[in-house]
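Asks: need a structure here:
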Amino acid sequence: MRFEREDGEPLPPIADADWLAAWPAWLSSCQALASPHNPRRHTWLAVCDDAQRLVPRGGAQVRDFFARHMDRYRVLALEARADPDATPREAWSPARGARVREHSSGLVTGYYEPVLAGSRQRVAPFVVPVYRPPPVLPTAARAELEASGQLRGQELLWVREAVEAFFLEVQGSGRIQLTDGTSIRLAYAANNGQPYRSIGRWLVAQGELAPDQVSLQAIRDWARAHPRRVRELLDQNPRVVFFRELPLGDADAGPVGALGVALTPGVSVAIDPRFLPLGAPLLLYTSAPASGEPLARIVVAQDTGAAIRGALRIDWFWGQGTLAEEISGRQHAQGSVRLLVPRGVAPAALL
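Replies: This next block holds a predicted model:
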């Protein structure tokens, strides 16, 4: 990975409303970044102190704050190439003794907070378990865990459909509306240590879906149309996610992400913290999930994910409920990233 500083270029034409919507999320990041528990607190303290003193009345003030206080770096991913004549743009890395290709874009997907009906007891139609972590975490793959009954007794609660429980695992959190009328949150607790595998890619490989048809909605529709093959489908992903129960708390707030703050719809994104610093603001250039039109937004890195791997891999949080599910299911496009860091701070110092 390489960071390329951009000097003298204006910030992208982002709508004032989007700048303003990002401000509360940035202040939430500052709570974590300026915390005494953050070992890199000193790099963020001054800019976060200035942010706390600003009460913006419009998006222009937010844009000007970032322009004054932050340096901007284009994020480039490097891939080793065996072919010396390869194009596009290449760079020579004497330290590694190999030719590498620079990528300026990566995959941008979406995620959401599912809202499911559920029960604390196994009673029809709630017959599919969602599990808490066992005292000793298993390492077997999903198919073996299901067939062996190793997870029996670890049922946290029950939902209607296996594919919905699976999507809950993929999203990493969710809300459950219980039969007694109360609601709770489920948060990620652990996993079985197996790699994540895309069931959408498996459906494409099987000829069940075309590559451009793959979406959360399409996978659900396929599962409901082929109920006898649902277990076969889900077993293609060997990873099993375990959950812990949390109180609902503020019903208007999003789930808590890896940074330890509530996620903001349309602003919070999940990143790979090996390459981008958690808490940092980013400029994201991608395509709108509905229209495919070019889209530029200010977002904030506040979460991580098992499938989010690589310097340019972004997962965009869209909120909770049916509309957020639809948007996130259609968010699948290439995108490029600019990292915003406090003036004079090298990006590598934040990792």
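Asks: hey, C-alpha coordinates of the helix or strand encompassing Val170 in CSV?
Replies: Under the criterion of DSSP states H and E, Val170 resides in helix 162-171. Output of helix 162-171 as CSV, limited to C-alpha atoms (Å, rounded to 0.1, in the frame of the first residue of the first chain):
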residue,chain,number,x,y,z
ALA,A,162,-32.0,-20.1,8.1
VAL,A,163,-31.1,-17.7,5.3
GLU,A,164,-32.1,-14.7,7.6
ALA,A,165,-30.0,-16.1,10.4
PHE,A,166,-27.1,-16.4,7.9
PHE,A,167,-27.5,-12.8,6.8
LEU,A,168,-27.5,-11.8,10.5
GLU,A,169,-24.1,-13.4,10.7
VAL,A,170,-22.8,-11.7,7.6
GLN,A,171,-24.0,-8.3,8.9
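Asks: Show me what it is in contact with.
Replies: 111-114, 116, 128-130, 159, 174, 186, 199, 216, 219-220, 223-224, 230-231, 233-234, 237, 239-241, 243, 307 (CB atoms under 8 Å, 6 or more residues apart in numbering). Where C-beta positions appear, they are placed from N, C-alpha and C, glycine not excepted.
Asks: Run the chain-centre distance for that helix.
Replies: Distance of helix 162-171 from the chain centroid (CA atoms, centre = their mean, to the nearest Å) equals 15 Å.
Asks: after that helix, next one along is what?
Replies: Defined by DSSP H and E, the subsequent element after helix 162-171 is strand 173-178.
Asks: Mind listing the strands that next one pairs with, and their directions?
Replies: With DSSP bridges as the test, strand 173-178 is paired with strand 115-119 (parallel), strand 183-191 (antiparallel).
Asks: returning to what we had before: just want the angle from the helix holding Val170 to strand 183-191.
Replies: Helix 162-171 and strand 183-191 meet at an angle of 70 degrees, taking axes from the mean of the first three to the mean of the last three CA atoms, to 10 degrees as the criterion.
Asks: wouldn't Ile14 be in contact with Pro294 here?
Replies: No. Taking contacts as CB atoms under 8 Å, Ile14 lies outside contact range of Pro294: 11.9 Å.
Asks: With neighbour numbers in mind, choose between these two.
Replies: More neighbours surround Ile14 than the other of Ile14 and Pro294, with 18 against 11 (other CB atoms under 10 Å).
Asks: that older thread, let me know which of the strands paired with strand 173-178 is the nearest to Arg274.
Replies: strand 183-191 (17.9 Å; CB to CB).
Asks: Okay, buried residues for the closest one please.
Replies: Ile184, Arg185, Leu186, Tyr188, Asn191 (16 or more other CB atoms under 10 Å).
Asks: Which other helices and strands does whichever helix or strand comes after that strand contact?
Replies: Sequence-wise, the next helix or strand downstream of strand 183-191 (DSSP H and E) is helix 199-205. Using 3 or more CB pairs under 8 Å, 6 or more residues apart in numbering; DSSP states H and E, the elements in contact with helix 199-205 are helix 216-225, helix 230-234.
Asks: sorry, back to before: just the closest of the buried residues of strand 183-191 to Gly257, please.
Replies: Nearest member of the buried residues of strand 183-191 to Gly257, counting by CB to CB, is Tyr188, at 9.8 Å.
Asks: Much appreciated, bye for now.
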